[in-house]
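Asker: pasting a predicted model and its sequence here:
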Amino acid sequence: MDLVFSAFAVLVFAAVILAIEGAWLWWSGNHGGDARRIARRLQLMAARTDGSERVTILKQRRYSAQPLLDSWLRRIPHMAKLDRLLLQAGVDWTVGRFLAVQGALLLAALALPALSGAPAPLRLAAPILACAGPALMLLQARGRRLHKLEEQLPEVADFLGRALRAGHSFANVLQMVGNEMPEPTGSEFRMAYEEINYGVPMNEALHNLAARIPLTDLRYMVLAVLIQRESGGNLAELLDNVSTMVRARLKLMAQVRVLSAEGRMSAWILGLLPLGVVALMSLLNPGYISVLWTDPAGARLLWYAAGAMLAGLLWMRTVIRISV
């Protein structure tokens, strides 16, 4: 009896160990690091830079996980621009998911203020904010990503120059940049290398890279490479010159940003101060401040004040934004 029980215990122990190992292998195969790298590579291979319907060996970037919705979205104009914006922002959302979130926010902005009895200006402003909020967040994410790409660009030019001096081909150099440079630069150059590896001409892959990353400095570097491929010359030295120019421009931009910091802070204070005062007065003395939206003259004053604030903010934005 003891022998049978011991054998049964050993078999149960082995079954538990095998079950745990099988669960681990399943999880690592579907959700582990290798699976994430494969999914990331497939996503990069599926990325598209325009909305054309040409046939390529690369998988097309889908606008929605649902085939019917994907085909319907492809018939709508300007969806390719939205898809490119999502790609440049570095988010893994599809066009359909972004539009669904924006539509849900719009419905909530239309229903909640009406049900809560909010004043007319708030009922009008809520849908506008619901429509503009996700787009502004997407633009902000795109701006942060492009700023990070711009900061990494001098290192990329130096890396390319050193690798070319070492005797590597330009396609292999693109692969090295994709593997060695941090994100988001690595993924973009890795995507360009994979396009070349799958048969896309070098010129077209570089043009696609410049289209995905709308930076003037990167376009200079791409043009330098394309001109060198046509006319010849020392590409490594040319990339060193591009790196020096980009670093000098970034330094000048940093100086301009420091000098315009006071204007930006003034714009934030002047823009948020009236809203903060209204919110504080609504908490301390709501009967006194409610005249602004209960009385017709007060409502007109609110509209005039909103227009004056908007005009002032736009003017201050024009003054403090200096292109270098």
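Answerer: Structure received.
Asker: list the residues that contact Leu110.
Answerer: By Cβ atoms under 8 Å, 6 or more residues apart in numbering, the contact set of Leu110 is Ala126, Pro127. The way it works is simple: take the backbone N, C-alpha and C, and place the C-beta from them, glycine included.
Asker: quick one, grab the pLDDT at it.
Answerer: Looking at Leu110, its pLDDT is 79.
Asker: and Ala141, by the same measure?
Answerer: As summarised for this prediction, Ala141 has a pLDDT of 86.
Asker: let the chain start at 705 from now.
Answerer: Done: numbering now begins at 705, and the last item shifts to Ala845.
Asker: neighbours around it, how many?
Answerer: 16 (other Cβ atoms under 10 Å).
Asker: would you confirm that it contacts Gly794?
Answerer: Yes: judged on Cβ atoms under 8 Å, Ala845 makes contact with Gly794 at a distance of 6.7 Å.
Asker: in the helix or strand hosting Val962, which of the residues would be classed as buried?
Answerer: In this structure, Val962 is located in helix 939-963 according to DSSP states H and E. Using 16 or more other Cβ atoms under 10 Å as the test for burial, helix 939-963 gives Leu939, Ala940, Leu942, Leu943, Asp944, Val946, Ser947, Val950, Arg951, Leu954.
Asker: now do whichever helix or strand comes after that helix against helix 939-963, angle only.
Answerer: Using DSSP H and E, the helix or strand that follows helix 939-963 in sequence is helix 965-988. If you take axes from the mean of the first three to the mean of the last three Cα atoms, to 10 degrees, helix 965-988 sits at 50 degrees to helix 939-963.
Asker: counting by contacts, list what helix 965-988 packs against.
Answerer: Applying 3 or more Cβ pairs under 8 Å, 6 or more residues apart in numbering; DSSP states H and E, one finds that helix 965-988 contacts helix 990-993, helix 1000-1024.
Asker: for those, which one sits closest to Lys785?
Answerer: helix 1000-1024 (23.4 Å; Cβ to Cβ).
Asker: show me what counts as buried in that closest one.
Answerer: In helix 1000-1024, counting by 16+ other Cβ under 10 Å, buried: Ala1003, Leu1006, Met1020, Ile1024.
Asker: state the pLDDT value of the third one.
Answerer: Looking back up the chat, that one is Met1020. So, for Met1020, pLDDT stands at 80.
Asker: is Val950 in contact with Pro858, as I believe?
Answerer: Yes: with contact defined as Cβ under 8 Å, Val950 counts as touching Pro858 (4.8 Å).
Asker: adding distance to Phe874, write the buried residues of helix 1000-1024 out as TSV.
Answerer: TSV is the format used below for the buried residues of helix 1000-1024 (distance: Cβ to Cβ, whole Å):
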residue	distance to Phe874
Ala1003	64
Leu1006	60
Met1020	46
Ile1024	40
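Asker: any low-confidence regions in the stretch 805-954 of the chain?
Answerer: 818, 820-826 (pLDDT under 70).
Asker: could you check how far the closest residue to Thr889 other than its chain neighbours is from Gly1002?
Answerer: Distance criterion Cβ to Cβ, 6 or more residues apart in numbering; nearest residue to Thr889, sequence neighbours excluded, is Gln856 at 4.5 Å. The gap separating Gln856 from Gly1002 is 52 Å, by Cβ to Cβ, to the nearest Å.
Asker: can you pull out the strands in the stretch 705-854 of the chain?
Answerer: Per DSSP state E, counting those that start in this stretch, the stretch 705-854 of the chain has no strands. Nothing in it meets that criterion.
Asker: the spatially closest residue to Val995 that is not a sequence neighbour and Ser970, how far apart?
Answerer: Leaving out its chain neighbours, the residue that sits closest to Val995 by Cβ to Cβ, 6+ apart is Gly1002, at 5.0 Å. Distance, Gly1002 to Ser970, by Cβ to Cβ: 28 Å.
Asker: what do you get for Ala875?
Answerer: For Ala875, the distance to Ser970 - Cβ to Cβ - is 50 Å.
Asker: burial of the residue nearest to Thr889, as a residue count?
Answerer: Based on other Cβ under 10 Å, the number of other residues close to Gln856 is 18.
Asker: one step back: ok, the residue nearest to Val995 touching Ile993?
Answerer: No: the criterion here is Cβ under 8 Å, and Gly1002 misses it with Ile993 at 9.3 Å.
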